[in-house]
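S.K.: Sharing a model that was predicted from the sequence below.
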Amino acid sequence: MPSLNDIRSTFLNFFERNGHKVVDSSPLVPRNDPTLMFTNSGMVQFKNLFTGAETRDYKRATTAQKCVRAGGKHNDLDNVGYTARHHTFFEMLGNFSFGDYFKEQAIPFAWELLTKDFGIPKDKLLVTVYHTDDEAANIWKKVAGLTDERIIRIPTDDNFWRMGPTGPCGPCTEIFFDHGDHIWGGPPGSADEDGDRFIEIWNLVFMQNEQFEDGSMRALDMQSIDTGMGLERIGALLQGKHDNYDTDLMRSLIEASAHATSNDPDGPGKVHHRVIADHLRSTSFLIADGVMPSNEGRGYVLRRIMRRAMRHVHMLGAQDPVMHKLVPALVRQMGAAYPELTRAQAMIEETLRSEETRFRQTLDRGLRLLDDELAKLPEGANLPGEAAFKLYDTYGFPLDLTQDALREQGRSVDTAGFDTAMAEQKAKARAAWSGSGDAKDAAIWLELAEKHGSTEFLGYDTEEAEGQILAVVADGADLGEATEGQTVSIVVNQSPFYAESGGQVGDTGLIKTETGAARVTDTKKVAGVFLHMAEVTLGTISRGQGATLSVDHDRRSAIRANHSATHLLHEALRRALGDHVAQRGSLNAPDRLRFDFSHNSAVSPEELARIEAEVNDFIRQNSPVETRIMTPDDARGLGAQALFGEKYGDEVRVVSMGQLADSGKGADGQTYSLELCGGTHVVRTGDIGAFALLGDSASSAGVRRIEALTGQAALSHLRDADRQLSEIAGILKAQAGDVVNRVKSLADERKALANEVAQLKRQLAMGGGGAGQAAKDIGGVKFIGRRVEGVGGKELGALVDEMKLQLGSGAVLVLAEAEGKATVAAGVTPDLVDRISAVTLVQTATAALGGKGGGGRPDRAQGGAPSLAAADDAIAQVEKLLEETA
Ligand code: SER
C-alpha cells in the first residue's frame with residue numbers, strides 16, 4: 001500500500017519525467033495576491049504566469065502545494081473533523097503548462113498517471129466537462145475510450161473554475177471515482193450528486209480567460225493548464241479507504257493525539273482526534289510560514305484554529321497542554337517533504353504551548369458560562385449573540401469555537417446579535433479614543449480602522465508584497481484617487497512597509513498600480529492603520545486597485561542592522577555598567593543608531609572600548625536572531641528587557657540574539673539578548689557587519705546617550721579615522737604608533753614656549769630694559785605711565801608688579817590693548833599706599849578714556865575702558881592727580 005509520501009513522489013516524478021520542473025510549494029501567505037488570505041490551490045504562485053504578466057525559465061511545472069482553506073472564499077473550518085473529506089490544511093498536487101501544452105496533452109497525462117502509475121481500474125472513472133466544451137469531450141473519448149454517459153456535460157460554474165472575483169479562469173474537466181453501488185449517491189449533475197458514491201479526485205482547468213472586477217472577461221493570449229488533485233483524497237482511494245482521515249499520514253497524527261491524551265483513537269473521542277489532527281497540520285504549517293496568533297487578520301484565523309483544536313483537546317479530558325507534544329509526529333511524517341516544518345519545529349512547539357497554556361486559563365470558566373447560559377434557554381434554542389460575544393470578549397472564545405461547541409447539541413448562535421454586540425463595543429472604543437486628543441485628524445483613521453481593521457504587516461518576512469488600496473487620503477478625507485504631483489497617505493489592507501514605532505523609523509519605497517506609481521517617503525500608523533505618506537510620481541492611484549508595494553531594500557537593511565545592534569548594545573551596557581541600565585529612548589535610522597539609557601556618570605573610554613568589542617564579538621558569532629510570541633509575563637520570566645512603564649498587550653514579540661558559551665541568563669541559559677520588540681531585525685547577527693561607537697554624552701539628568709554606526713557606515717567611519725591618523729602622522733613625520741607621544745611632547749613644548757613669549761612680551765612692554773630711566777619724578781614720586789600693545793588683561797597684573805619691583809618706590813599706570821579689548825592697570829609700591837591708591841589711579845584713567853569704574857586694592861587695581869583713543873590724556877590726568885596728592 002503506497003503511503004501518502006509515496007503517492008506525492010509518484011505524482012511529482014511522473015510529471016518530472018514528462019518535462020515538468022518540480023517547483024517547491026509556495027508559502028501559505030501569498031506574496032503575490034492581496035485578495036487571498038491563504039494559498040488555497042496550486043496555481044496561486046503561478047497566477048501571473050497565466051496572464052502573461054510574468055515569465056520564468058520553464059513552461060511546465062509540477063508541485064505539491066500546501067493549502068489552507070479557513071477564512072475567506074474557500075472556508076472549510078466548520079465541517080472539519082465531522083466529515084470524511086474536509087480539511088483546513090491539505091496538499092494539492094498539480095501540473096501546470098504556461099502557454100505550452102493544452103487540453104490535448106493534459107487529458108492523456110492525467111489518464112496515464114491514474115490508470116498506469118496509480119493503477120486505478122478504468123471502469124471506475126468518469127469525467128465531467130463544461131457543457132460547451134466539445135473539444136475536451138472528444139479528447140476524453142479518444143484517449144480514454146469513455147462512452148458518452150461517462151462524459152457528463154455540466155452547464156454550471158462547477159465546471160468553470162475561477163480563483164476569485166478577478167484573475168485567470170477557464171472551463172474545467174473533473175475526474176470522478178465511482179466507489180460502487182453499495183454506497184449511496186448519484187453521478188455529478190444528478191439530484192443525488194452530494195452522496196458519497198462518486199468522489200471528485202482531480203480537476204483539470206483549461207486556463208484561457210481573465211476575469212476583471214467589473215465582471216467582464218477577456219481571452220488570454222496563451223492557453224494554459226492548471227490542475228489540482230488533493231493528496232488526501234487520492235491517498236484514501238489508493239489505500240482503499242473512504243475517509244481521508246483513515247490514510248496512513250492522518251492516522252498517525254490521530255494516534256499521536258490518542259496517545260498524548262491516553263484515549264482510544266476510535267472511541268467516543270474520535271471526532272476530537274480528527275479535529276486535532278487536521279488543526280495540528282494547519283497551525284504548524286502557518287506558524288512555519290511566519291503567521292503568529294493575534295487578534296486580527298491571518299493571525300486571528302490561526303488563533304481560531306488553534307483554540308478550536310484546544311477545546312477538543314480539553315474535551316478529551318487532558319489536564320495539560322497537548323498540541324505541542326504532537327508536533328514531532330507531524331515533523332516525522334511531513335518534515336522531509338517540507339523542510340521548513342523541521343526548521344521551525346521549536347518555534348511551532350513553543351507557540352502552541354504558550355497559546356494553549358494561556359487559553360486553558362479561561363477555557364474552563366468560559367465553558368462553564370456557556371453551560372449556565374444554555375441551561376437558561378429552552379430546549380434547542382439558539383445562544384443569544386450577547387452571550388457569544390461575552391465568551392469572545394472575556395474568555396477568548398472565537399465565534400466559531402462557540403458554534404462548534406453548540407453543534408454537538410444541535411444548537412447555533414444568533415450571529416446577528418453577536419455582530420451588534422461587537423459593533424457596540426467598537427463604537428465605545430472609538431468614543432474613548434476620539435475623546436483623548438487630536439480628534440479631528442484622527443477621525444478618518446478611526447473610520448478606516450473600523451471599516452477595514454488594522455493594516456496587516458507583512459514586512460517581517462518580505463520587503464515586497466501586493467496589497468489592495470483601501471483609501472487615498474489627504475487633509476483628513478478619502479479622495480478615492482490621486483494623480484501625479486499630489487501628496488497623499490495611501491492605505492492598503494496589507495503592507496511590507498514598517499510604520500514608525502518603538503524608535504524604528506518608517507520605511508520608504510514604491511507603490512505601483514496598473515495606472516500609476518507613488519514614492520513613499522515615510523510610513524506611520526494611527527489606530528493600527530498604516531499611512532504610506534507618498535507622492536504620486538506617475539499617472540493615477542485609485543482606491544480598489546491592486547498594488548505592488550516595495551520597500552527600499554538598502555535602507556531597510558541598514559535600519560535592521562542598526563536595530564539589532566541596539567539590542568546587543570543594550571545588553572553589553574547592562575553587563576558592563578549594571579542592571580540599572582534601562583532603555584530611555586532610541587532611534588533606529590538608516591544612517592545611525594542612538595540609544596538613551598539610565599546611568600549617572602560618563603562612560604569611560606575603556607568601558608566604551610570594551611562594550612564596542614563585546615557587541616562586535618556577538619556580530620562575528622553570526623548566530624540566528626529568533627522571534628517568538630508570548631505573554632508579557634512569560635517574556636519577563638525569561639528575563640526579557642521590557643520598557644519600564646510601557647503598556648503591553650496580551651502578547652508580545654520577543655526577539656533574542658547571541659549565544660553564550662557559558663551559563664547565561666535566558667531560560668535555556670544560552671541567550672545573550674532577549675527583548676520585547678516589534679521591530680524588524682537581521683536574520684543572523686553577522687548581517688550587522690560591524691559596530692562602531694561614536695561616544696557617550698549626557699542626554700538629561702541621569703540619562704546618557706550613545707550614538708553608534710553599523711555595517712558600511714561603521715567601516716567608513718573607522719576608515720576616516722584611520723586616514724586622519726595617517727595624515728597627522730605625515731604632518732608630524734612620525735609613525736602612526738608614535739603619534740600620541742609626539743602630540744604630548746608638542747603640547748608640552750607649546751606650553752613652555754607660551755610662557756617664554758609672555759615673559760618676552762612683558763620685557764618688551766617695559767621698554768626692553770630697566771624701568772628706572774623711563775620714570776618721571778612727580779613731586780618726589782617716581783611714576784611710569786605707558787601704553788602697551790599685545791598684552792592681554794590677564795598678563796597686566798604681572799607686568800605692573802614687575803614694574804613696581806624695578807621702581808622700588810613709585811606708581812605705575814599701564815594702558816593695554818589686546819584682541820580688541822582695552823584695559824587699564826595701576827600699581828603703587830607699599831611705602832606709598834597710604835598716600836596714593838592704585839584704585840583712584842585706575843578710576844581716573846578709565847574716566848579720561850570715556851569709561852567708568854575699575855577696582856582692586858590700593859597697591860594694585862585694574863579696569864576696562866571703551867578704547868585707548870584718549871590714552872595720552874588719561875596718562876596726563878593721572879600725572880595731574882599725583883601732582884596734587886604727592
Ligand atoms: N485551481 C484548480 C483548483 O483549485 C485546479 O488546480 O481546483
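M.R.: Cool, the structure landed.

S.K.: What residues of stretch 855-864 count as buried?
M.R.: 856, 858, 859, 860, 861, 862, 863, 864 (16 or more other C-beta atoms under 10 Å). Quick note: C-beta positions are derived from backbone N, CA and C, even for glycine.

S.K.: For the stretch 401-550 of the chain, which segments are assigned as helices?
M.R.: Here the stretch 401-550 of the chain has its helices, by DSSP state H, counting those that start in this stretch, at 415-434, 439-452.

S.K.: okay, these, which one's buried deepest?
M.R.: helix 439-452 (a mean of 16; mean count of other C-beta atoms under 10 Å).

S.K.: Quick check: end-to-end length of stretch 811-829?
M.R.: End-to-end distance of stretch 811-829 (C-alpha to C-alpha, to the nearest Å): 6 Å.

S.K.: could you pull out the strands for the stretch 451-600 of the chain?
M.R.: 456-457, 464-474, 477-478, 481-483, 487-492, 494-495, 509-512, 516-526, 529-542, 546-551, 583-588, 593-598 (DSSP state E, counting those that start in this stretch).

S.K.: Please list all residues in contact with residue 24.
M.R.: Residues counted as contacts of residue 24 (C-beta atoms under 8 Å, 6 or more residues apart in numbering) are residue 63.

S.K.: my guess is it is in a strand, correct?
M.R.: No: counting by DSSP: H, G, I helix; E, B strand; the rest coil, residue 24 is located in no strand; its state is coil.

S.K.: Report the contact partners of the residue of the stretch 701-850 of the chain found nearest the ligand.
M.R.: Here the stretch 701-850 of the chain gets closest to the ligand at one residue, residue 711, 43.9 Å apart by C-beta to the nearest ligand atom. By C-beta under 8 Å, 6+ apart, the contact list for residue 711 reads 557, 558, 561, 688, 689, 690.

S.K.: Could you export those as a markdown table, including distance to the ligand?
M.R.: Shown next, in a markdown table, are the contacts of residue 711 (distance: C-beta to the nearest ligand atom, whole Å):
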| residue | distance to the ligand |
| --- | --- |
| 557 | 36 |
| 558 | 41 |
| 561 | 41 |
| 688 | 43 |
| 689 | 44 |
| 690 | 49 |
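
S.K.: Next, the residue in the stretch 151-300 of the chain that the ligand sits nearest to: secondary structure please.
M.R.: The minimum distance from the stretch 151-300 of the chain to the ligand, using C-beta to the nearest ligand atom, falls at residue 228 (2.4 Å). Three-state assignment for residue 228 (three-state DSSP): strand.

S.K.: What is the neighbour count of it?
M.R.: The number of residues packed near residue 228 is 23, by other C-beta atoms under 10 Å.

S.K.: I'd say it and residue 202 touch.
M.R.: Yes: counting by C-beta atoms under 8 Å, residue 202 is a contact partner of residue 228 at 7.3 Å.

S.K.: need the contact list for the residue nearest the centre of the chain.
M.R.: By C-alpha atoms, centre = their mean, the mean C-alpha position of the chain lies nearest to residue 680, the distance being 3.3 Å. Each residue near residue 680 by C-beta under 8 Å, 6+ apart is listed here: 459, 460, 498, 504, 556, 559, 560, 563.

S.K.: Now these in TSV, please, with extra columns for pLDDT.
M.R.: Putting the contacts of residue 680 into TSV (pLDDT from 0 to 100) gives the following:
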residue	pLDDT
459	93
460	91
498	97
504	95
556	97
559	97
560	97
563	97
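
S.K.: Over to residue 829: give its phi and psi.
M.R.: phi -70, psi 150 (degrees, to the nearest 10).

S.K.: Could you look up the SS state of residue 164?
M.R.: Using three-state DSSP, the structure places residue 164 in coil.

S.K.: Tell me how many other residues crowd the residue lying closest to it once chain neighbours are set aside.
M.R.: Nearest residue to residue 164 in three dimensions, chain neighbours excluded: residue 35, at 5.5 Å (C-beta to C-beta, 6 or more residues apart in numbering). Using other C-beta under 10 Å, residue 35 has 18 neighbouring residues.
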